[in-house]
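# sequence first, then the predicted structure:
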Amino acid sequence: MGAFDWFWKAMGSGSSRNQKRSIAITNDAAERGAELAECSQQELNERARAALSGGELKDPVEFLAVLGEASQRTLGMTPFNVQSQAVLRLLEGDVVHMATGEGKTLVGAMAATGFALMGKRVHVITVNDYLAQRDAEWMRPLVEFFDVSVGAIAEALSPEQRREVYGRDVVYGPVNEIGFDVLRDQQIVDRSEAVQAPADVALVDEADSVLVDEALVPLVLAGNQPGAAPTGQITGVVRGLKEKEDYTTDEDKRNVFLTDQGAHKVERALGIESLYDDEHVGSTLVQVNLALHAQALLHRDVHYIVREGKVQLIDASRGRVADLQRWPDGLQAAVEAKEGLSVTEGGKILDTITLQALMGRYPLVCGMTGTAVEATDQLRQFYDLRVSVIEREKPLRRFDEADRIYATMKEKNAAIVEEIALLHATGQPILVGTQDVAESEALAEALVARGIEVAVLNAKNDAEEAGIIAQAGQVGRVTVSTQMAGRGTDIRLGEGAMEGLAVIGTSRHRSSRLDNQLRGRAGRQGDPGLSLFFVSLEDDVVATGGAGEQITAQPDSQGRIEQKRVRDFIEHCQRVTEGQLLEIHAQTWKYNKLLADQREIIDARRARLLDTDQAWQELSQRAPERAEEIAGLGSREKAARQIMLYHLDSAWADHLALMDDVRESIHLRAIARETPLDEYHRIAVREFKELAQRAVDAAVETFNEVRIDETGAYLEDYGLARPSATWTYMVSDNPLAGGNSVVRGIGNIFR
Ligand code: ADP
Ligand code: MG
């Protein structure tokens, strides 16, 4: 019995009416499938379209039967009844809970084809480039069987290629690229430059990762502009500072503070009176703080690696290099300076959007994951989505062992190595899930010292990630990986791996859902398997969830603790951290939601300016004389549009920056007044009202003064050029991902 089987049963009763209906439909569909073997492709196509006519699912039995037949012909897979049930649930807009290895890729493609046949454009959203491409290519024969076009977005595509792919009916794409394209499309000054076409449905794979774990990760679009980076001198001075004496860090290593002694040292070395003088606060002090942050809180090979002379961020939760991600500029430059690399140019944040707000743009969101049930509350609260549990095709045969609990981290780590050695001696393949890259490396080292060969999945070999994880089920393999590494890759058991895959978690995560993501890697499709977690009383989840509570335990000579009381305590700690995560998510979203709503208003305004002659209308009303002067130019509407959009975008960027500042300081301001959130809302609403007016006023001024000829407005002559280059990154500033909090503390020094 799996740890969650009881949960499934409990959930099943909630949606049993739907379940019974869809089970009946899928049984009928399987029967009807037998009649279809003789049908031509064209006949099947016509029958599928008839079953979905008028934009709705008229005849689910017919639809599933036809799709099943097509799947058999094109992919050699006949959908299992459970898969067909899941397809129906997706078409109704649910998140389906379906275990790892049960064939969600096919389910997603069948549902996407169904939506497309209803005349809807679908984005099938994945967690990375690799999966988008793999799934699009794998499923292409099925989708195209119905004359539905399909393609995949990848980071490497040019704008022209993206435009072409987004024009297709079914678009597979990694969530960050899709979001970056939304942001870039918000900077265009001519509709023909847009790459995205409107989509009706987001079908999200690994839905809990995208919709919950990474929901509040902001995607950022930045443009070039020289920024404040620490000088070589400052970097040198900071390098000489000592922890505890010259600076201190807070408990969770997210903020660093100069002590008085440290400040004096810096002042002496730089030959200045006081860092806190007006002339230094906005410049020198910022640079010192950046250099100090880079030095004290960001560690090479933990938070970033240096490859080919460049600093590359490690996404701690995935344990892989986060391509095209940067820290906010000053910090990126500070880390480059610390490493003695050439410092890249600074920039200005043009726009940001969180994944949660990105999802809010789709009229319909549905999704699939092996750990949806555990995210039921979040999915309902934040997306108004319901979870549908789909039974396994074959019963689960994985054995979930009780946690092994140790007093100290040291004893726990020793026991982990022992356990792996023991299992490995039997030949059973082992997948070890660690919390971060540093832990992966340390563990791998310890195992190698024991003569055990290991494959490590981390930032340094991300290209091979999927290949390595696919091999993790071979006899004698030991694979060490961080949580997300290789997610979505099928782990098939090798010949002779009779006991199945053993999954070992080196600690419990802050949410049991993340534990279950890892567990789910073993025991796929009725395979045997084992899962086992190690915990110590010094672990993060205990420290955070059990803060302030004392627990006495009687460890044995190896430090192992068996008392039920302690076991219960650890469960309690995890429930506390789960509650904290939900609370943080809810709170943070309250701040983000308002900006998301305001962005919608900006979007609508932007679309009007782009698609109509409104810019010209407004400007010629406000500045009739100037309008008269250029009325004869064919470019008058274009010029007006360029000017209006420039000021609208720039006002929006300023608004985002301002609201960021407000958020950083709101707790100070709000003392003895309203609650911080009310105060924040009040300011956001007030500023937003002025934003619109300011943008128009500035546009009128520019319109009156700027040179305009047949080619348009010469904004650059006026110091109003758009950035000549932009880049994108995800701020791993995610309060929800336990280990993924590298840059959480920088807000107050950077923004
Ligand atoms: P999931 O995303 O649910 O973890 P995948 O879509 O990666 O699962 O599929 C896992 C494996 O199951 C793949 O190797 C796939 O070929 C196989 N599979 C899925 N559906 C079927 C089916 N109906 N018949 C046979 N094999 C299937
Ligand atoms: Mg999958």
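Here it is on my side, so go on. Ligands and ions are numbered 1, 2, ... in the order given.

# can we go C-alpha only for contacts and neighbour counts from here?
Noted.

# isn't Phe165 right next to Leu157, touching?
No Phe there; residue 165 is Val. No - Val165 is beyond contact range of Leu157, at 9.6 Å (criterion: C-alpha atoms under 8 Å).

# count the neighbours of the closest residue to ligand 1 within the stretch 351-500 of the chain for me.
Nearest residue of the stretch 351-500 of the chain to ligand 1 (C-alpha to the nearest ligand atom) works out as Asp490 at 5.1 Å. Neighbour count for Asp490, taken as other C-alpha atoms under 10 Å: 20.

# isn't it up against Gln471?
No - in this structure, Asp490 is not within contact of Gln471 by C-alpha under 8 Å, at 9.2 Å.

# distance of the residue nearest to Gly500 when sequence neighbours are not counted from Ala547?
Nearest non-adjacent residue to Gly500, counting by C-alpha to C-alpha, 6 or more residues apart in numbering: Gly529, 4.3 Å away. Computed as C-alpha to C-alpha, to the nearest Å, the Gly529 to Ala547 distance reads 35 Å.

# same thing with Ala657?
As judged by C-alpha to C-alpha, Ala657 and Ala547 stand 35 Å apart.

# helices of the stretch 201-350 of the chain, start to end?
For the stretch 201-350 of the chain, applying DSSP state H, counting those that start in this stretch gives helices covering 207-208, 232-239, 260-270, 278-281, 284-296, 329-338.

# okay, and Val448 sits in which element?
Val448 belongs to helix 437-449 when assigned by DSSP states H and E.

# list the strands paired with the helix or strand just after that helix, with their directions.
Counting by DSSP H and E, the next helix or strand C-terminal to helix 437-449 is strand 455-457. The pairing partners recorded for strand 455-457 under DSSP bridges are strand 478-482 (parallel).

# any idea of the mean pLDDT for the next helix-or-strand element following the partner strand?
Using DSSP H and E, the helix or strand that follows strand 478-482 in sequence is strand 501-505. In this model, strand 501-505 has an average pLDDT of 97.

# so which elements touch strand 501-505?
Strand 501-505 sits against strand 430-434, helix 512-519, strand 528-536, with contacts defined as 3 or more C-alpha pairs under 8 Å, 6 or more residues apart in numbering; DSSP states H and E.

# run the last query once more with 6 Å
Applying 3 or more C-alpha pairs under 6 Å, 6 or more residues apart in numbering; DSSP states H and E, we find strand 501-505 packed against strand 430-434, strand 528-536.

# let me know the angle separating the last one from strand 501-505.
In this case it means strand 528-536. 10 degrees (axes from the mean of the first three to the mean of the last three C-alpha atoms, to 10 degrees).

# output strand 528-536 as CSV, nothing but the C-alphas.
Extracted in CSV, the C-alpha atoms of strand 528-536 (Å, rounded to 0.1, in the frame of the first residue of the first chain):
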residue,chain,number,x,y,z
PRO,A,528,8.2,-3.3,-7.8
GLY,A,529,10.2,-0.6,-6.0
LEU,A,530,11.2,0.9,-2.8
SER,A,531,11.2,4.4,-1.3
LEU,A,532,12.9,5.5,1.9
PHE,A,533,13.6,8.8,3.5
PHE,A,534,16.3,9.8,6.0
VAL,A,535,15.7,12.5,8.5
SER,A,536,17.8,14.1,11.2
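
# can you offset everything so residue one is 45?
Okay, residue one is now 45; in that scheme the one you just asked about reads as strand 572-580.
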